[in-house]
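Peer 1: A structural model of the following input is requested.
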Amino acid sequence: MAKYKAEPFYSVHSSAGIIHFDHVGEYETINEGEIAVLSGLCPRYLICVDEGKAKVDEPKKAEEAPKPKAPAKKSSGK
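Peer 2: As a prediction, the model looks like this:
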């Protein structure tokens, strides 16, 4: 599935038909023909939000425990 962002109610005319974006300017598709047409318009007219490629999850680093703070030095007050 691929997601695209454009101006609200934007439409693209292609040989496969008319592609209409919704009221917030988003469009999702799994159709390979539509993906090819819309990807050809990126980045000039559209923004490719998700190109439908499986993302490889990077291993998460273990969070380091916060280091204990050194005790505050007390002033002698003299």
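Peer 1: thinking S39 is in contact with I47, fair?
Peer 2: No - using Cβ atoms under 8 Å, S39 is not in contact with I47, being 11.4 Å away. All C-beta spots, glycine's among them, are computed from the backbone N, C-alpha and C.
Peer 1: how far away is the residue sitting nearest the centre point of the chain from K69?
Peer 2: A centroid search over the chain (Cα atoms, centre = their mean) returns V49, at 4.7 Å, as the residue closest to the centre. Noted for V49: a distance of 43 Å to K69, by Cβ to Cβ, to the nearest Å.
Peer 1: ok, A2 touching C42?
Peer 2: No - using Cβ under 8 Å, A2 is not in contact with C42; the gap is 10.1 Å.
Peer 1: Return every residue with contacts to both of the two.
Peer 2: Shared contacts of A2 and C42, defined by Cβ atoms under 8 Å, 6 or more residues apart in numbering, comprise C48.
Peer 1: who has more neighbours, these two?
Peer 2: Comparing A2 with C42 by other Cβ atoms under 10 Å, the one with more neighbours is A2, at 20 against 15.
Peer 1: The more buried one bridge partners, please.
Peer 2: On the basis of DSSP bridges, A2 is bridged to T29.
Peer 1: Please name the nearest non-neighbouring residue to V37.
Peer 2: Nearest residue to V37, sequence neighbours excluded (Cβ to Cβ, 6 or more residues apart in numbering): S14, at 4.6 Å.
Peer 1: Helices of this protein, start to end?
Peer 2: Assigned helices in the chain, in chain order: 32-40 (criterion: DSSP state H).
Peer 1: Select the helix or strand of it having the lowest average pLDDT value.
Peer 2: The helix or strand of the chain with the poorest confidence is strand 47-50; it has a mean of 84 (mean pLDDT, DSSP states H and E).
Peer 1: Strand partners (parallel or antiparallel) of that strand?
Peer 2: According to DSSP bridges, strand 47-50 forms sheet pairs with strand 2-5 (antiparallel).
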